[in-house]
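Peer 1: Output the structure for:
(4 chains)
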4 protein chains.
Amino acid sequence: MRILVSNDDGYFAPGIAALAEALGTIGQVTVVAPERDRSGASNSLTLDRPLSLRQTSNGFYHVNGTPTDCVHLAVTGMLDHLPDMVVSGVNHGANMGDDTVYSGTVAAATEGFLLGVPSIAVSLVSKSATDFTAAARVARDLAERFMRNPFPRPVLLNVNVPDVAYERLQGIRVTRLGKRHKAEPVVRSETPRGETVYWVGAAGGAADAGEGTDFHAVANGFVSVTPLQIDLTHTGLIAPVFDWLQR
Amino acid sequence: MRILVSNDDGYFAPGIAALAEALGTIGQVTVVAPERDRSGASNSLTLDRPLSLRQTSNGFYHVNGTPTDCVHLAVTGMLDHLPDMVVSGVNHGANMGDDTVYSGTVAAATEGFLLGVPSIAVSLVSKSATDFTAAARVARDLAERFMRNPFPRPVLLNVNVPDVAYERLQGIRVTRLGKRHKAEPVVRSETPRGETVYWVGAAGGAADAGEGTDFHAVANGFVSVTPLQIDLTHTGLIAPVFDWLQR
Amino acid sequence: MRILVSNDDGYFAPGIAALAEALGTIGQVTVVAPERDRSGASNSLTLDRPLSLRQTSNGFYHVNGTPTDCVHLAVTGMLDHLPDMVVSGVNHGANMGDDTVYSGTVAAATEGFLLGVPSIAVSLVSKSATDFTAAARVARDLAERFMRNPFPRPVLLNVNVPDVAYERLQGIRVTRLGKRHKAEPVVRSETPRGETVYWVGAAGGAADAGEGTDFHAVANGFVSVTPLQIDLTHTGLIAPVFDWLQR
Amino acid sequence: MRILVSNDDGYFAPGIAALAEALGTIGQVTVVAPERDRSGASNSLTLDRPLSLRQTSNGFYHVNGTPTDCVHLAVTGMLDHLPDMVVSGVNHGANMGDDTVYSGTVAAATEGFLLGVPSIAVSLVSKSATDFTAAARVARDLAERFMRNPFPRPVLLNVNVPDVAYERLQGIRVTRLGKRHKAEPVVRSETPRGETVYWVGAAGGAADAGEGTDFHAVANGFVSVTPLQIDLTHTGLIAPVFDWLQR
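Peer 2: Sure thing, here's the model as predicted:
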């Protein structure tokens, strides 16, 4: 099995090293990741300049672009074969609920999926993550399952893993995305040169974290697996908007 | 009515000037847009540095960040009141089907919606757009309709306007997003210093452009209005993935 | 006379508008400036991506690069004729003493000079500059003098203008660069996400501001004109270093 | 001896690893270098955002800024003691003649010098450099000499090393900077989206490469050591400019 690995924390992040190591035991891994931290990059694509691809001494490739750029470049221009899977992560921090809109980790997997490849985004639910091995092992479990028992068509899975030892995980829950409260307001600050600047504030707390959500699963010690789709159409509103436009 | 206007082409783009002018006839407009072209920025948020806000001589504000940053900063830190609407555009070029995943124009409207404000993204379906007035007038029509006849809860609308005179538009169609074929491969090039670099290739052509899609509406001269949602959960796959994990 | 105008504050800055207007009365002006504020850019050249050139509705060109990129691109690829002069500014803030090492304003003029064109950098010594007309007029006076009475070979002049009305300027002094004290230390700060970050601190105060320096001239109400060179060789140390290497 | 090591190729470059290893045998080395390739950065300082400092598993620090930022941050905010030396490099490629104006390698050393520390910039004169050990050993020789036999006041040395084995170096020459011909024109190219873009062209060939210059020393197999200064005043033009302004 050929596995393309990427992330949004940068090629040097401990989470991607753990992931590449775990997946390397079951398949042929190629790592192509951003040259620097691109957290929050969402699905941004670099259109105004070309991308460079470089290889480090440990064999990882890095690209001066976004997570989406990395997977796009690897799949459409660099790899000789279409990979069998794209696995993105292990992200340092959760990607649940509305986080998925902004997440570069999810975006890397989304790009794989858009290019026709089964793809998984894996995040460790922890602020001070130091041990990525449990999450990496969960990713390997899922990848092995894909090998043994492929899905009839490509899927896109968003996986969040509680920050406990592998043995202490309570199992896997298939979930829907929860919802967060609105983000905190921007934080005003001043530069040493007297200019006012604004930091984007913290993400909101969980607003819909009820049973069935990713928030709920993780809070109860389960790995959360959410199948994602990329069609943003709000089907349920097509008729109401039609009516509204008649009035 | 207070209207926040943004885009992804930059505050200096002719499309945003046309939009601000058209909306200025029906409400109080504040323009907050990126300081430079950020096409393809998707929902990326700037987390590793603070944002600056500056005003130009024509009253527009610009931010050294993404479209999402602009709306986020305006709504959570700059404006005294929550705006009644966010309108993003008029984008130079279509945002249909899978384009919506990458689009900064759609992202600016999405951020408004996530912050609780009815939001519209408006794009002109044209490669060599020179006249944004028809699209701007369509945006004004929709905004007026929101004033006269508000929706019970905030909606997010993605609007694509054919590049013809306003009088030649065939009407409005409420649509679902179509699908594109996979993007073209990256284009290999060489720098004057002999390094290999790669340009992201062109978007794929329309793959699902059947009746009911945005592609179909626009191809037939209609304005396409697609209601969007931001929950990426693939509800239909929750049960199949559950089964798959049992095997 | 053909004059190329650039700066480091960006093409939209009031200082470059004043400069272009003043020089437009005596020659044919082309403005090519950075698309965003690039203060502190020094002589940096963009080597890892290509540059785009765009024109605004007022005829100014902007480049997604540094001040050096702007002049380099204009002179070696865009203009049909070598300009007769490059004038950079009017910068918002002084460029005296060691500032010249970091200044993008000086760098734009330096690039003109390196490409064989007489070049002037013009800065307004003010933190809250609102009126650039006096400094722009000084630039025009100097450019006129170049027309009437050309120097035998290209020169590079660094000009600093006190922030007073043109009529209140005490005259012109030809100066050497003074020296600043070491810069203030970096200022430690924390992001809303709890990361420690560091702002570059303020420039040091004047250390050598004695008679003959740019600091002294400006402090006494005179325009300071410092001829610059770009050969960094410390000729006076060639023999001592030779001796030192023998020991 | 405490030695601060930086470069402009990025903290992961083989040249800085070789340098840190060689200097580690004679002193206590701290590496603080850019997180990505910043060749051509000159003395640019980052003023519009704060800098982050991170450490890799091998102990090197990297900063999301320029070479100048790295040395500035290390000396004024991070290190407990002023270092005894700053050594920048080993750069992949020559920094001779006018290159010094644009070089980030030289800039890192210049920042050390401006902050009062004896500083050396070391470059390997090679396009396809694979072995940095000879250049790193030359740097160590010079640093040892500084230990044994300090200069009465801080100096700034620009060192270029031919790409041959250490044993085949012909010795050391103390040189002045040569001159290059004007740079090649920008190279026009087109993006896959049909936009015209421009790459900065190659540096010019040597124009003044006569005896006594850095070009001449290196061409003859010698290490070139050029003492630099940072006062750009063209002393010899002060009187002529004064006369010119009287006319």
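
Peer 1: Would you state the strands of chain A in chain order?
Peer 2: For chain A, the strands defined by DSSP state E occupy A:2-6, A:28-34, A:53-55, A:61-63, A:85-92, A:119-125, A:156-162, A:172-174, A:179-180, A:187-190, A:196-199, A:206-208, A:223-228.

Peer 1: how many neighbours does the closest residue to chain C within chain A have?
Peer 2: When scored by Cβ to the nearest Cβ, chain A has residue A:49 as its residue closest to chain C, at 3.6 Å. All C-beta spots, glycine's among them, are computed from the backbone N, C-alpha and C. Residues lying near residue A:49 (other Cβ atoms under 10 Å in any protein chain shown) number 20.

Peer 1: do the same with residue A:55
Peer 2: With other Cβ under 10 Å as criterion, residue A:55 counts 12.

Peer 1: Contacts only, for the closest residue to it other than its chain neighbours.
Peer 2: Nearest non-adjacent residue to residue A:55, counting by Cβ to Cβ, 6 or more residues apart in numbering or on different chains: residue A:61, 5.2 Å away. Counting by Cβ atoms under 8 Å, 6 or more residues apart in numbering or on different chains, residue A:61 makes contact with A:11, A:30, A:31, A:32, A:33, A:53, A:54, A:55, A:74, A:78.

Peer 1: hmm, back to that, mind checking which of the strands of chain A is nearest residue C:7?
Peer 2: Ranking the strands of chain A by proximity to residue C:7 (Cβ to Cβ) places strand A:196-199 first, at 22.1 Å.

Peer 1: what's next to the closest one, contact-wise?
Peer 2: Taking Cβ under 8 Å, 6+ apart as the rule, strand A:196-199 contacts A:186-191, B:50-53, B:73, B:77, C:191-192.

Peer 1: Please repeat the previous calculation with a cut-off of 6 Å.
Peer 2: A:186-191, B:50-52, B:73, B:77, C:191-192 (Cβ atoms under 6 Å, 6 or more residues apart in numbering or on different chains).

Peer 1: State the mean pLDDT of it.
Peer 2: Averaging pLDDT along strand A:196-199 yields 94.

Peer 1: Can you list the buried residues in it?
Peer 2: A:197, A:198, A:199 (16 or more other Cβ atoms under 10 Å in any protein chain shown).

Peer 1: so which of those would you say is closest to residue A:247?
Peer 2: Using Cβ to Cβ, residue A:198 is the member of the buried residues of strand A:196-199 that lies nearest residue A:247, at 39.7 Å.

Peer 1: and the closest one, what are its bridge partners?
Peer 2: With DSSP bridges as the criterion, residue A:198 is bridged to residue A:188, residue B:51.

Peer 1: Can you name the residues of chain A that neighbour chain C?
Peer 2: A:49, A:187, A:191, A:192, A:199, A:201, A:202 (Cβ under 6 Å from any Cβ of the partner chain).

Peer 1: Please indicate which of these are buried?
Peer 2: Applying 16+ other Cβ under 10 Å to these flags A:49, A:187, A:191, A:192, A:199, A:201 as buried.

Peer 1: distance of the third one from residue B:50?
Peer 2: For residue A:191, the distance to residue B:50 equals 8 Å [Cβ to Cβ, to the nearest Å].

Peer 1: now residue A:141
Peer 2: Counting by Cβ to Cβ, the gap from residue A:141 to residue B:50 is 41 Å.

Peer 1: more neighbours, the two?
Peer 2: Per other Cβ under 10 Å, whichever of residue A:141 and residue B:50 has more neighbours is residue B:50, with 28 against 15.

Peer 1: contacting residues for that one?
Peer 2: Residue B:50 makes contact with A:189, A:197, A:198, A:199, according to Cβ under 6 Å, 6+ apart.

Peer 1: what's the answer for residue A:174, then?
Peer 2: Applying Cβ under 6 Å, 6+ apart to residue A:174 gives the contacts A:225, B:238, B:241, B:242.

Peer 1: As JSON lines, those with pLDDT and neighbour count would be great.
Peer 2: Formatted as JSON lines, the contacts of residue A:174 follow (pLDDT from 0 to 100; neighbours: other Cβ atoms under 10 Å in any protein chain shown):
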{"residue": "A:225", "pLDDT": "97", "neighbour count": "25"}
{"residue": "B:238", "pLDDT": "92", "neighbour count": "17"}
{"residue": "B:241", "pLDDT": "92", "neighbour count": "19"}
{"residue": "B:242", "pLDDT": "91", "neighbour count": "14"}
